[in-house]
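**Q** Test case, fold it:
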Amino acid sequence: MSVDASPRSPLASSVATAHRIGVLVRHNIRWRLRDPGQVISYIVLPMIIMLVFKPIYVRAFDTGSMSGILHAVTGPLVMFSVFTLTIVGNSILLEREWRTWDRLRTSSASITELLLGKVVPVFAILLVQQLVLLVYGCLVIGLPFPRSAGLVVLAVVVWVFTLIAIGAAMATILRSHSELGLVSDLGAITLSAVGGALVPVAIMPGWAQVVAHFSPGYWALTMLQAAVRGDALAAFGPALVLLGIGFAAGGFAVWRMARGWGRSDLL
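**A** Residues are numbered from 1 along each chain as shown. All right, here's what the predicted structure looks like:
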């Protein structure tokens with residue numbers, strides 16, 4: 001195969017990059033569609049929990065039933081969205097386990113393109129999950145429809161981006177699916193509980209209220225609740241915190257992969 005030594009235009013390079021990412025995205029979409037059970041469980045289970053916990057949260061809030069309903073929807077939503085860290089992590093670990101990641105790394109696709117090809121389908125899946133649960137919360141649980149749908153979608157996009165970046169970073173550190181499952185499950189329960197997804201932060205012990213600020217789940221819950229209320233100013237600060245976490249985790253994942261830490265022989 002001949003190699004074109006002439007410099008390529010920026011447009012041609014962009015088209016080639018988009019083509020490579022598109023091929024990887026289509027491949028990973030087909031892969032995810034073959035095994036949808038995990039995604040379905042992360043949609044159905046929070047729906048059940050919303051129904052069961054709604055009366056508890058309504059009674060726990062003194063400010064009115066709407067605050068309780070808002071927490072009954074956003075709490076399980078945040079908790080089960082953290083569980084989805086395993087989806088993006090497993091998508092990378094499987095490539096390493098099957099030793100196909102090494103072949104991908106020898107292709108013309110860059111590390112960033114390889115990661116984008118992996119995370120874009122997962123991004124779409126998580127986005128649909130979050131929006132389906134919010135619509136369910138409005139139609140079934142009794143959550144008032146958001147004043148600004150655009151603000152809610154933007155908040156969901158920020159949270160999904162953060163989750164995917166963290167999941168990708170975890171996949172560059174952990175060596176097996178059991179390790180990923182352990183860290184993801186423990187992390188999901190811990191971050192969700194400390195962040196206020198199970199019990200409102202306001203009724204936690206004083207030390208727990210302080211620790212809650214170190215949990216991404218706390219900032220996600222605060223941002224999503226503010227977005228549903230239509231309070232863009234209150235959602236702005238938590239969104240910045242989550243974006244900072246996401247960019248740091250995503251940058252770390254790219255850095256690790258670029259230095260060969262995604263090789264199959266490191267498993």
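**Q** make it CA atoms for all contacts and neighbour counts henceforth
**A** Will do.
**Q** Flag the shaky bits of the stretch 101-250 of the chain, pLDDT-wise.
**A** The model of the stretch 101-250 of the chain has pLDDT under 70 over residues 101-111.
**Q** quick one: residue 167 and residue 212, what's the gap?
**A** Using C-alpha to C-alpha, to the nearest Å, one gets 21 Å for the distance from residue 167 to residue 212.
**Q** between these two, which one's more packed in?
**A** residue 167 (29 against 20; other C-alpha atoms under 10 Å).
**Q** so what secondary structure elements neighbour the helix or strand containing that one?
**A** For residue 167, the element it lies in under DSSP states H and E is helix 149-171. Applying 3 or more C-alpha pairs under 8 Å, 6 or more residues apart in numbering; DSSP states H and E, one finds that helix 149-171 contacts helix 85-97, helix 111-136, helix 216-229, helix 232-258.
**Q** rerun at 6 Å
**A** Packing partners of helix 149-171 (3 or more C-alpha pairs under 6 Å, 6 or more residues apart in numbering; DSSP states H and E): helix 85-97, helix 216-229, helix 232-258.
**Q** Of all these, which one comes closest to residue 50?
**A** Proximity to residue 50 (C-alpha to C-alpha) singles out helix 216-229 among those, at 14.9 Å.
**Q** And the contacts of that closest one?
**A** For helix 216-229, contacts defined as C-alpha atoms under 6 Å, 6 or more residues apart in numbering pick out 146, 151, 152, 191, 192, 195, 234, 235, 238.
**Q** What subset of these is buried?
**A** 146, 151, 152, 191, 192, 195, 234, 235, 238 (16 or more other C-alpha atoms under 10 Å).
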